[in-house]
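In: show me how the following folds:
(2 chains)
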Amino acid sequence: MKKMFVTLLSLFLCIGLSACGKTTQSAATVDSLTETTSTSTAVVPGSTADGENVSIQLPSAANHKTFKIGILETQLSDESTIRVNYFRDYIAPRYNCEFMFSEACGDLNSVMTYIENAADAGCDAILCYYTVPANTEQLVQLCQEYGMLFIENGGIVPANEAAYKGGYENFGGGFQANQPATGRLFKDYLVATMDPADEHSFLIVSGSCYLGNMQQLEITTNIMEAIAEIYGLTYEKTINELITSSSPIQAVNDKDIEIYCYPGLPTASGWLEGLSAALQTGKYDYLLIAPNAIGNIGNAVSEVESALDKDITIIGFGTFGTALTNAFNTKDKFGNQSVSMSTVKFTSLVSAMAFSKAYNMLTGHPEAVLTEDGNTNVLQFKMESVTSAEQLAQMSDWDVPGKWVADYDIVDQMLVVNEPGLTAKEIQERTFAVNYESIKKRRSD
Amino acid sequence: MIRIAKKEKQKTPSQLGIGDRIEIIKSKRGFSLIFPLSMLLLLVTLFVILTGGDFFTLNVIKGIFNQSLIVGTMATAVSFIYTTGNVDISVGNVMGLSAVFGALSYRATGSMVLVIIVTLLCGVLFMMCNCALGIVFHIKSAMVAIVAMSVYNAFTEVLVGPDPIQVDYRLCKQLEGNFRYIAFLLYFGTCLLLYHKTAIGRKLRFIGGNALCANQTGINSAKSKITAYLFAGIGVGLAGVLQLLRTGNVAQSVGTGMGVDVMLATVLGGMSIFGGAKSNVYAGFIGAVTVTTLNKGFLMVGVSSTLIQGVRAIIFLLLVFMNSERQATLPSRQQF
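Out: Coordinates of the predicted model:
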């Protein structure tokens, strides 16, 4: 009986796991493209807004061997799921590519292991979402050893300058948000919504600023500057000193406004407990979050709001997905939406930028990833801010399978095979042109 | 109260069922080596077929060996501790902290020779600290390891700080080639010899089988445990050196969670973490190679990353199920 029970459970587990590993029609489509490289049309599932399959004309460059691209993820999240859907189901069939997704690679050793395994599996390029600038050059060299291209999710900082200026032929550079613009979204919102006459106290989650994360540095700097501007205060230490502290620190200032900077990786053990403890002091009514951690923090905040009868305003960085949707649609004890403002990005657009770099290089156009002075470039995009559940619903509905923001039109505009002579600068201009207003206009047309 | 066990009726060969035959095969001395090796061979064959021969290339085999080296070295090291019936999951953190000291010594002097010496010495020192806590204060080794993990991790975080400590990557690449193979083979060979051909290994296995009995036959278990931790320390220190040479830097997260990887490799390699007479020193390395083979193989076959973890878990469970010793009665340690 026991053995039968165990066998049944094991069977159930196997079936469950098989069901999880969804293999959609697109895989078959990719195979068919691989076999017949001269084919010029292919059926792409869900190409239209209503999800129907349509025949499309492939660009001539798709008549090549199947390019295999490894996607190196550091954590599995809503964003990575969107990325998988976009690359595997949308990009792969049209551009005759195959994508190989990694498990979560959290340290350099596992990153190197994945790259080595990807090389053995026949990958031509790696799109790397592991961003420790000090390791960029080393990873470029590792990929060079295996004859693969390397493109990273990040930008130029002193620690990785050598990679960008080293003339590595296999390095496609980086792609990332325009960090100053992202930071300014926070500053503009705070300055526009806060009244200097009201006294508030602030808990600023500085995340991995102390690790040199440029995006979080920009966001936190802008938050600190906004507070200083609103209250006309001066900090005792420099903003950089305060936000790059690896331990929690009080930002002492001449106006005695309570400002507390809380660093750390949201995934680290004990991080959330430490933040909860700070919130439970009841001092803070503004929670300003630089890392992508709105989903982690929601419960801790609502507990404090209920227990201490204190309304806490949350402003943070997020990505489209269940966590952010829940945060915007949940009303706190005081009837306000849990999150007041969040920055978001269109994952398909960011993915398309990364893909365009790889594809341009693989199709023999390395000039498309170079700046005017011959160094490897960083392709940037602008984040958008969301302030209501309705706006979030509208925007998140723009970037879903079947109606991606970065559709074939957008991607094609980034590829040199479609427009010989296309430069990195022009690609950048086209990427910046994809924003809230332009997408809204496109969708309403 | 004296309990007299009923004598089991002796079965004739014709009366033996499949279960009995499996038990007989499993009780053979060579089983612990042959079974995991056969499973490994089976996996390799399977992946060779599924990849149309791509899996059986020099690059892939070299890659598997290289990727298995760090966990394999540590698993070889801890087999000395596991044999005595003690468990230490802090080895990953010990390795990490040793590598941190090695990297710091490089930053201070720029000498790779010093890096190797410091890392090795730190490995030995920290493992001996764990040992001393267990022997002097009579704290269970698992408890010591849990506390040690936090302490070593905290030291690592403080010493490393926000930016990884860099060691010249080019220098590491130069040394990585032959040095790591020679160092590993030297260590592994010495361990094999000491463990299986000298009194050191015999005593450790005896203690793992029954510490009380071993004491009564004149074996000083405290002394033997010190020996076990000493060899483990050398191995963990060596793993720290290999880690430094592979990545060229140490970050705050170095070694975190590796203690569990080592334990998994040991069990997959066919050794019981409860130690005893059937323990061996090679199981950990075979296990580490098996894990790497599975990871690489699945990726090359094209199994989706979401599925890999599940499939790997099922195979692990299956291998452990087939390979593990299950007591017919209440659990007791294996005797000679």
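In: give me every residue that touches residue A:269.
Out: Applying Cβ atoms under 8 Å, 6 or more residues apart in numbering or on different chains, we find residue A:269 in contact with no residue. C-betas here are computed from N, CA, C, even on glycine.
In: can I get stretch B:42-53 as CSV, trimmed to CA atoms?
Out: Extracted C-alpha coordinates of stretch B:42-53, given in CSV (Å, rounded to 0.1, in the frame of the first residue of the first chain):
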residue,chain,number,x,y,z
LEU,B,42,24.7,5.5,-17.9
LEU,B,43,24.0,9.2,-17.7
VAL,B,44,27.0,10.0,-20.0
THR,B,45,25.8,7.4,-22.5
LEU,B,46,22.3,8.8,-22.4
PHE,B,47,23.5,12.3,-23.1
VAL,B,48,25.9,11.2,-25.8
ILE,B,49,22.9,9.5,-27.6
LEU,B,50,20.6,12.5,-27.0
THR,B,51,23.1,15.0,-28.3
GLY,B,52,24.2,13.0,-31.3
GLY,B,53,27.7,12.5,-29.9
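In: buried residues in that stretch?
Out: B:43-44, B:47-48, B:50-51 (16 or more other Cβ atoms under 10 Å in any protein chain shown).
In: which of these lies closest to chain A?
Out: Proximity of those to chain A (Cβ to the nearest Cβ) peaks at residue B:51, which lies at 8.7 Å.
In: phi, psi for the closest one please.
Out: Dihedral angles of residue B:51 (phi, psi; degrees, to the nearest 10) stand at phi -100, psi 10.
In: show me which residues of the stretch 51-200 of chain B are close to chain A?
Out: B:54, B:57, B:59-60, B:63, B:66-67, B:70, B:161-164, B:166, B:169 (Cβ under 8 Å from any Cβ of the partner chain).
In: among the residues you listed, show me the least confident.
Out: Lowest in pLDDT among these is residue B:162, which has 71.
In: so that one makes contact with residue A:207?
Out: No: if you go by Cβ atoms under 8 Å, residue B:162 and residue A:207 don't touch, sitting 11.7 Å apart.
In: more neighbours: which of those two?
Out: The neighbour comparison of residue B:162 against residue A:207 (other Cβ atoms under 10 Å in any protein chain shown) goes to residue A:207, with 26 against 17.
In: count the neighbours of residue 130 for me.
Out: By default, I'm working from chain A. 25.
In: hm, I was asking about chain B
Out: Neighbours around residue B:130, by other Cβ under 10 Å: 25.
In: same check on residue B:142?
Out: Neighbour tally, residue B:142, other Cβ under 10 Å: 13.
In: low-confidence stretches in the chain?
Out: With no chain named, the answer covers chain A. Low-confidence segments of chain A, defined by pLDDT under 70: A:1-62, A:445.
In: nope, chain B please
Out: Residues of chain B that meet the cut-off, pLDDT under 70, sit at B:1-10, B:26, B:29, B:323-336.
In: touching, residue B:239 and residue B:77? I think so.
Out: Yes: the pair residue B:239 / residue B:77 is scored as a contact, 7.1 Å apart, by Cβ under 8 Å.
In: not counting sequence-adjacent ones, nearest residue to residue A:248?
Out: Spatial nearest neighbour of residue A:248, chain neighbours left out: residue A:262 (5.1 Å); criterion: Cβ to Cβ, 6 or more residues apart in numbering or on different chains.
In: isn't there a strand covering that neighbour?
Out: Yes: counting by DSSP: H, G, I helix; E, B strand; the rest coil, residue A:262 is located in a strand.
In: beta partners of it?
Out: Assessed by DSSP bridges, residue A:262 has beta-bridge partners residue A:205.
In: so what's the residue count around it?
Out: 22.
In: just the one 4 residues further on next, same as before
Out: For residue A:266, the count of nearby residues is 18 (other Cβ under 10 Å).
In: next one: phi and psi at it?
Out: phi -60, psi -20.
In: show me where the stretch 51-200 of chain A has its strands.
Out: In the stretch 51-200 of chain A, the strands defined using DSSP state E, counting those that start in this stretch lie at A:54-57, A:67-72, A:97-101, A:125-128, A:149-152, A:171-177.
In: tabulate these in JSON lines, adding columns for mean neighbour count and distance to residue B:268.
Out: Shown next, in JSON lines, are the strands of the stretch 51-200 of chain A (neighbours: other Cβ atoms under 10 Å in any protein chain shown; distance: least, Cβ to Cβ, whole Å):
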{"stretch": "strand A:54-57", "mean neighbour count": "12", "distance to residue B:268": "47"}
{"stretch": "strand A:67-72", "mean neighbour count": "24", "distance to residue B:268": "26"}
{"stretch": "strand A:97-101", "mean neighbour count": "22", "distance to residue B:268": "25"}
{"stretch": "strand A:125-128", "mean neighbour count": "27", "distance to residue B:268": "29"}
{"stretch": "strand A:149-152", "mean neighbour count": "28", "distance to residue B:268": "33"}
{"stretch": "strand A:171-177", "mean neighbour count": "25", "distance to residue B:268": "38"}
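In: ok, which of these comes nearest chain B?
Out: strand A:97-101 (4.6 Å).
In: quick check: residue A:316 touching residue A:296?
Out: No: using Cβ under 8 Å, residue A:316 makes no contact with residue A:296, being 10.3 Å away.
In: now residue B:71. Nearest residue, chain neighbours left out?
Out: Nearest to residue B:71 is residue B:288, by Cβ to Cβ, 6+ apart, at 4.3 Å.
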